[in-house]
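Participant: Fold the following, please.
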Amino acid sequence: MPFGGAASERALILLRRRNAEVASQLLTGAAFAVKICAEPLELVAELKAGAGFAVLSEDVAAESVLLDSVGKWLMAQPTWSDFPFIMLTSRSDTPSRQSAATQLLEKFGNISFLEKPFHPTTLISLATTALRSRRRQYDARALLDRYELLARELQHRTKNLLSVILSIASASLRDGGGGGETLIARLHSLAKAQDLIFEEGGAGARLEHIVGRVVESFGARVTVEGPEIFLKAGVAQGFALIVHELATNAVKYGALTTPSGSVSVRWRLNAGVEEPTLTFTWQERGGPPAVPPEHRGFGTLLLEKAVASSGDPPYFDYGPEGFGYRITARCR
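Facilitator: Numbering: from 1, shown residues only. Okay, the predicted model is just below:
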């Protein structure tokens, strides 16, 4: 089906009866969809329903009813539209003829004049050009619709991102939140996630890329294993903050404080009835025994709430062999 709908590429014909039948036969024979209109108001109704171009005669176009009704429709065209007309004219070079042609150009805009008598291939050629022009306009409409959609999506995402930033800033700068340096580090992590999201066209990011950006500086001390999983933008941002928080804690208090310490990062995809989920696991070994924090700060809250868990809440393991963390979440 054509982009503008089933009727969007029709040839509308408003000519005297015999001329209308001849033009219809020629265009139908060239595989154009054709609709003959009996009078100006029917033409306007069909224009509103959709068309690729219209074929009019100069004498019909000069009628006040048509000039008024079609003129109103043309004035109401959207910005992407410049509807094409093919105007059949008699052969004449008189001043009045030139003046009439100028008025028609001013009224209808996108007109191709075709003098009678004409060769059938000339009409077909003009019709083909007119329809090609109309298709370009439909393409322009599609681009404008997409830009408008992207603008609304960007506005929505910007609001969400600002909300996340304000939440992180508010929590980081209060007592027990880590202070300014922690805030900056968390915002850097969020910025890296945004880079990955935009690299994927704004739809989201792959979990392995998110984890890799955070732990790449630790080399072989951090092993990463899991299938390729694409996360929606909001989930990707949440996991970027979670992995950053876990890595920061490992460097400050956990396995990465000792030369022999290591971290295993794994995830798996769970086939769900409605939608798949993923289980993400962070396991530290070779460092000091893990001890629960004395105060429940923003870091703990972030690990609990940065992404919405599916089923059980996130699991924290403060064991003698090292800290462990596990969460099961939706990918979208």
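Participant: Doesn't residue 72 belong to a helix?
Facilitator: Yes. Counting by DSSP: H, G, I helix; E, B strand; the rest coil, residue 72 is part of a helix.
Participant: Count the residues that sit near the closest residue in space to it that isn't next to it in sequence.
Facilitator: Leaving aside its sequence neighbours, residue 72 sits nearest to residue 44 (CB to CB, 6 or more residues apart in numbering; 8.0 Å). C-beta: built from backbone N, CA, C; applies to glycine. Neighbour count for residue 44, taken as other CB atoms under 10 Å: 21.
Participant: tell me the secondary structure for residue 216?
Facilitator: helix.
Participant: Could you pull out the buried residues of the helix or strand harbouring the residue nearest to residue 72?
Facilitator: Residue 44 belongs to helix 40-49 when assigned by DSSP states H and E. Neighbour-count burial for helix 40-49 flags 40, 43-44, 46-47 (criterion: 16 or more other CB atoms under 10 Å).
Participant: which residues of the stretch 101-250 of the chain fall in helices?
Facilitator: Secondary structure of the stretch 101-250 of the chain by DSSP state H, counting those that start in this stretch: the helices cover 120-173, 179-199, 207-215, 233-252.
Participant: just the angle between the third one and helix 233-252, please?
Facilitator: Think helix 207-215. Computed with axes from the mean of the first three to the mean of the last three CA atoms, to 10 degrees, the direction of helix 207-215 lies at 30 degrees from that of helix 233-252.
Participant: I'd guessed residue 248 sits against residue 185; true?
Facilitator: Yes. Here residue 248 reaches residue 185: they are 6.6 Å apart, a contact under CB atoms under 8 Å.
Participant: Which one of these two is surrounded by more residues?
Facilitator: The neighbour count for residue 248 versus residue 185, taken as other CB under 10 Å, is higher for residue 248 (19 against 16).
Participant: distance of that one from residue 285?
Facilitator: Using CB to CB, to the nearest Å, residue 248 is found at 18 Å from residue 285.
Participant: what does residue 100 give?
Facilitator: Residue 100 is 91 Å from residue 285, by CB to CB.
Participant: Please apply the same query to residue 27.
Facilitator: Going from residue 27 to residue 285 by CB to CB gives 78 Å.
Participant: Those two: which is more packed in?
Facilitator: residue 27 (21 against 15).
Participant: secondary structure element for that one?
Facilitator: helix 17-29.
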